[in-house]
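Student: Build me a structure from this.
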Amino acid sequence: QVQLVDFGGGLVQAGGSLRLSCAASGRTRSKTGWFRQAPGKEREFVAVISWNGGSTYYADTVKGRFTISRDNAKNTVYLQMNSLKPEDTAVYYCAAQTRIIADDTDETSYDYWGQGTQVTVSS
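Tutor: Residues are numbered from 1 along each chain as shown. So this is what the prediction gives:
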């Protein structure tokens, strides 16, 4: 079992930055990803990090602007978001994998989800 609480969202102007956090309890050494869902759109993959932080992967839309990291001593995964754009506006969710899955970008690969945190970027 894994419990996830994601937070840190808010309202920011275009070009600004936010850092999202995902605090985990339970089975915390899991590969963890961030997804987002904009109004009227399907949930999409943003980034993923291995359980030890040694491997990361990003969606092309955020590569170079977002950085995923983790502090296992604090059981927390972070998503640093810089150079934010209005199109980054969405509810952001962290999610944890407990199975060995090939496709980290597929939301069905994840077994546990946070409740989501709203990010709004104004132009």
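Student: tell me which element the residue nearest to the spatial centre of the chain falls in.
Tutor: Residue closest to the average C-alpha location in the chain (C-alpha atoms, centre = their mean): residue 34, at 2.2 Å. Per DSSP states H and E, residue 34 falls inside strand 32-37.
Student: That strand packs against which elements?
Tutor: Packing contacts for strand 32-37, counted by 3 or more C-beta pairs under 8 Å, 6 or more residues apart in numbering; DSSP states H and E, involve strand 18-26, strand 44-49, strand 76-81, strand 90-96. Glycine gets a C-beta too; all of them are placed from N, C-alpha and C.
Student: Tabulate these (TSV), appending mean neighbour count, mean pLDDT and distance to residue 9.
Tutor: As requested, the helices and strands packed on strand 32-37 are exported to TSV (neighbours: other C-beta atoms under 10 Å; pLDDT from 0 to 100; distance: least, C-beta to C-beta, whole Å):
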stretch	mean neighbour count	mean pLDDT	distance to residue 9
strand 18-26	18	95	6
strand 44-49	22	98	13
strand 76-81	22	98	10
strand 90-96	24	97	6
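Student: can you list contacts of stretch 97-117?
Tutor: 1-9, 20, 22, 27, 30-33, 35, 37, 43, 45, 48, 57, 59, 91-96 (C-beta atoms under 8 Å, 6 or more residues apart in numbering).
Student: Check the separation of the first and last residues in that stretch.
Tutor: Its start and end residues considered, stretch 97-117 measures 19 Å (C-alpha to C-alpha, to the nearest Å).
Student: Mind listing what's buried along that stretch?
Tutor: Going by neighbour count (16 or more other C-beta atoms under 10 Å), the buried part of stretch 97-117 is 97, 104, 107, 109, 110, 112, 113, 114, 116, 117.
Student: how close does the third one get to residue 52?
Tutor: Right, residue 107. Going from residue 107 to residue 52 by C-beta to C-beta, to the nearest Å gives 23 Å.
Student: what stretches of this structure score poorly on pLDDT?
Tutor: Applying pLDDT under 70 to the chain flags no residue at all.
Student: Can you give me the end-to-end span of stretch 27-45?
Tutor: 22 Å.
Student: Correction: the previous question concerned stretch 86-102.
Tutor: One end of stretch 86-102 sits 31 Å from the other (C-alpha to C-alpha).
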